[in-house]
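Chemist: Structure for the following, please:
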Amino acid sequence: MSDSDGKKTLGVRGGGPRSGNVKQSFSHGRSKNVVVETKRKRVVVPKPGAAKPAAGGAGTAGASGAGGIQNAEMERRLKALQAAKAREAEEVATREADEKARVEERERRRAEQENKEREQRELEERAKAKAEAEERAKKEAEEHKARDAAEKAARAEPAQPRSNDARTVKPAAPVSRKREQEDDKRRAKTRGGEGENRRSGKLTVSQALGGGEGGRQRSMASMRRKQERARQKAMGESQEREKIVREVQVPEAIVVSELANRMAERVAEVVKSLMKMGMMVTQNQSIDADTAELIIEEFGHKIVRVSDADVEDVINEVEDAEADLKPRPPVITIMGHVDHGKTSLLDAIRQANVVSGEAGGITQHIGAYQVTAPDGSLLSFLDTPGHAAFTSMRARGAQVTDIVVLVVAADDSVMPQTIEAINHAKAAKVPMIVAINKCDKPDANPDIVRTELLQHEVIVEAMSGDVQDVEV
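Modeler: This is a model prediction of the structure:
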């Protein structure tokens, strides 16, 4: 007997992962081999003897409820659910009560607001009705007073006597008679049917005093016009307006509307006259002087021809002779930055104290003064404000001057309004004198002022320039 009887040959078991090849195809004829491994899971099968202990444990599981929950735990959970349901029901009831209370409060507030608005409207309507009643009563009283005055005037107006020579009056009355008849027809048409209407509303004082006619009464002005027409009719006065003859200046070409304005005539009448002459024009078109002359003569005015060459008569002025000329005082303008001592310097020249009367010691306006020189001649000085807000004043002062005195403080040097004064003087093309003021102060340095003036093309004589400078 050999040792291999009844025994298998030893080898490696195939319980590991199994491998295989899968061919994966792609588009355009491409393919790829993929290695796939499969692994089997080990399944444990219980032995037949292991089922006995499980049968014995069925008695202990009987004491538990469904899902292995104890009876006490089940009761506790039921009580918790019942309590949660009761609490939820209480919350729902509370919310409903709160919502009901809010709705009632909202309705109450709305009702109060509506009551307030209704009361306010009633008060406004009562006040409006009262004001209308007062206005109506006042108007009725005025109408009653006017009617009484008209009746008194009509009674006091003497009747116009008929003269025997009424046939000799000029025939200017038919126009007035025709106009009066048209007015009577128009008034009758306006008042027609008013008496037939049924009266509605309150009875006014004027209706009660007027006998219930209900028609409109004539005003005092209408009655005066009627009396005036009757008086003119009796006296035979002419109703035509007197024609005013004007001298109309006409240039070489003039617009139709301008021509009508110079003649004091209506534009439509001028256009109509031009159309009668065969010219279809509007009020904005121009016509020549000959056509304008015809129109002016048609309307009864006089024409005055003017041309652009008339301006040459004004240009050709006759020069004055030297013997007729008289000297005038030179105009000297004091300019510079604010608070550099312009007015104080001028006060020292004219021996006055104007700077004390200015608000804050700052000049607010242009001041003009005349000072008598030692030789008896007059000098006119203009004091200009130095604040930045008075630029236009300084520009006007520089345009009317003969010479500018530029005041610069030695302790403050060149400032923005100083530069502006230099520009004004250059624009006016007037000579300039630099007055370096406040040289007695400890921090004064006139050389710095002269140096900074070089930046603005102001070269003083001390630096080989042509501008004079004086230290004050």
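
Chemist: longest helix of this structure?
Modeler: If you go by DSSP state H, the chain has its longest helix at helix 71-156.

Chemist: Report all helices and strands that that one contacts.
Modeler: Here helix 71-156 is seen to pack against helix 205-209, helix 220-235 when contacts are counted using 3 or more Cβ pairs under 8 Å, 6 or more residues apart in numbering; DSSP states H and E. For the C-beta atoms, the positions are set from N, CA and C on the backbone; glycine is no exception.

Chemist: what would those look like in JSON lines with mean neighbour count, mean pLDDT and distance to residue 96?
Modeler: Converted to JSON lines, these look like this (neighbours: other Cβ atoms under 10 Å; pLDDT from 0 to 100; distance: least, Cβ to Cβ, whole Å):
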{"stretch": "helix 205-209", "mean neighbour count": "14", "mean pLDDT": "58", "distance to residue 96": "66"}
{"stretch": "helix 220-235", "mean neighbour count": "14", "mean pLDDT": "84", "distance to residue 96": "78"}
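
Chemist: Could you check how many residues crowd around residue 405?
Modeler: Residue 405 has 23 neighbouring residues, counting by other Cβ atoms under 10 Å.

Chemist: circling back: any chance of the helices and strands packed on helix 71-156 in TSV, plus distance to residue 125?
Modeler: What follows is the helices and strands packed on helix 71-156, written out as TSV (distance: least, Cβ to Cβ, whole Å):
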stretch	distance to residue 125
helix 205-209	24
helix 220-235	36
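
Chemist: among these, which is nearest residue 91?
Modeler: Between residue 91 and the helices and strands packed on helix 71-156, the tightest spacing by Cβ to Cβ is seen for helix 205-209, at 74.1 Å.

Chemist: Burial check on the spatially closest residue to residue 247 that is not a sequence neighbour, number of neighbours?
Modeler: In space, and not counting its chain neighbours, residue 247 is closest to residue 302: 4.9 Å by Cβ to Cβ, 6 or more residues apart in numbering. Other residues near residue 302 come to 10 when the count uses other Cβ under 10 Å.

Chemist: do the one 5 residues further on as well
Modeler: Other residues within reach of residue 307, judged by other Cβ under 10 Å, total 10.

Chemist: do residue 119 as well
Modeler: Residues near residue 119, counting by other Cβ under 10 Å, number 10.

Chemist: sorry, back to before: roughly how far apart are the residue nearest to residue 247 and residue 427?
Modeler: Going from residue 302 to residue 427 by Cβ to Cβ, to the nearest Å gives 49 Å.

Chemist: Over to residue 146?
Modeler: 70 Å.

Chemist: Could you do residue 226 as well?
Modeler: Distance from residue 226 to residue 427, by Cβ to Cβ: 72 Å.

Chemist: Domain ranges for this protein, per the record?
Modeler: 85-114, 247-312, 327-471 (automatic domain parsing).

Chemist: Looking at those domains, which one is packed in the most?
Modeler: domain 327-471 (a mean of 17; mean count of other Cβ atoms under 10 Å).

Chemist: For it, measure first residue to last.
Modeler: 31 Å (Cα to Cα, to the nearest Å).

Chemist: Could you pull up the mean pLDDT of it?
Modeler: Averaging pLDDT along domain 327-471 yields 80.

Chemist: And for stretch 101-117?
Modeler: Stretch 101-117 shows a mean pLDDT of 92.

Chemist: Format the CA atom coordinates belonging to it as CSV.
Modeler: Extracted C-alpha coordinates of stretch 101-117, given in CSV (Å, rounded to 0.1, in the frame of the first residue of the first chain):
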residue,chain,number,x,y,z
ALA,A,101,-58.8,89.7,18.0
ARG,A,102,-56.6,91.3,15.4
VAL,A,103,-59.4,91.2,12.8
GLU,A,104,-61.8,92.8,15.2
GLU,A,105,-59.3,95.5,16.2
ARG,A,106,-58.7,96.2,12.5
GLU,A,107,-62.4,96.5,11.8
ARG,A,108,-62.8,98.8,14.8
ARG,A,109,-60.0,101.1,13.7
ARG,A,110,-61.4,101.1,10.1
ALA,A,111,-64.8,102.1,11.4
GLU,A,112,-63.4,104.8,13.6
GLN,A,113,-61.4,106.2,10.6
GLU,A,114,-64.5,106.1,8.4
ASN,A,115,-66.4,108.0,11.1
LYS,A,116,-63.7,110.6,11.4
GLU,A,117,-63.5,111.1,7.6
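
Chemist: And the strands in the stretch 201-350 of the chain?
Modeler: Assigned by DSSP state E, counting those that start in this stretch, the stretch 201-350 of the chain shows strands spanning 247-250, 253-255, 286-288, 302-305, 331-336.

Chemist: Of the ones you listed, which is nearest residue 263?
Modeler: strand 247-250 (5.6 Å).
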